[in-house]
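Q: Structure for this input, please:
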Amino acid sequence: MSVIPFPSPLSVASPLRQGGGRIPDAVGRIPETAATTESRLALWLRRWRGRRALAALDLDQIRDADLDPFAVRLEAMKPFWRA
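A: Predicted coordinates for the structure are as follows:
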């Protein structure tokens, strides 16, 4: 799949540039596609499942994996949308 480059709104001679007006925030943004939405949802699902699995570990399992119990609990308590 190839990516089509979009020209920057500042590189094209436009009435917004010539008039010295402010360029609206929406100009130059590529709309979010279904693929990026799907990949974001997949990422959130992986995080949610992973953190749920961490929360299910008991102290002996955490120590066997040579992990810090405090760090594991902090990670397990994070919401899925945070990295």
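
Q: where do the strands sit along this protein?
A: In the chain, no segments count as strands under DSSP state E.

Q: got the residue ranges for the helices in it?
A: Taking DSSP state H as the criterion, the chain carries its helices at 15-18, 34-56, 59-64, 69-77.

Q: So which of these is nearest Ala83?
A: Closest to Ala83 of the helices of the chain is helix 34-56 (Cβ to Cβ; 8.1 Å). C-betas here are computed from N, CA, C, even on glycine.

Q: What lies in contact with the closest one?
A: Residues outside helix 34-56 that contact it (Cβ atoms under 8 Å, 6 or more residues apart in numbering) are Val72, Arg73, Glu75, Ala76, Met77, Lys78, Phe80, Trp81.

Q: most surrounded residue in these?
A: Greatest neighbour count in the contacts of helix 34-56, by other Cβ atoms under 10 Å, goes to Val72: 18 neighbours.

Q: give the contact list for it.
A: Contacts of Val72 by Cβ under 8 Å, 6+ apart are Leu54, Leu57, Ile62.

Q: Could you check how far the closest residue to the first one other than its chain neighbours is from Thr36?
A: Excluding the flanking residues, the one nearest Leu54 by Cβ to Cβ, 6 or more residues apart in numbering is Ala76, at 4.2 Å. Taken as Cβ to Cβ, to the nearest Å, the spacing of Ala76 relative to Thr36 amounts to 27 Å.
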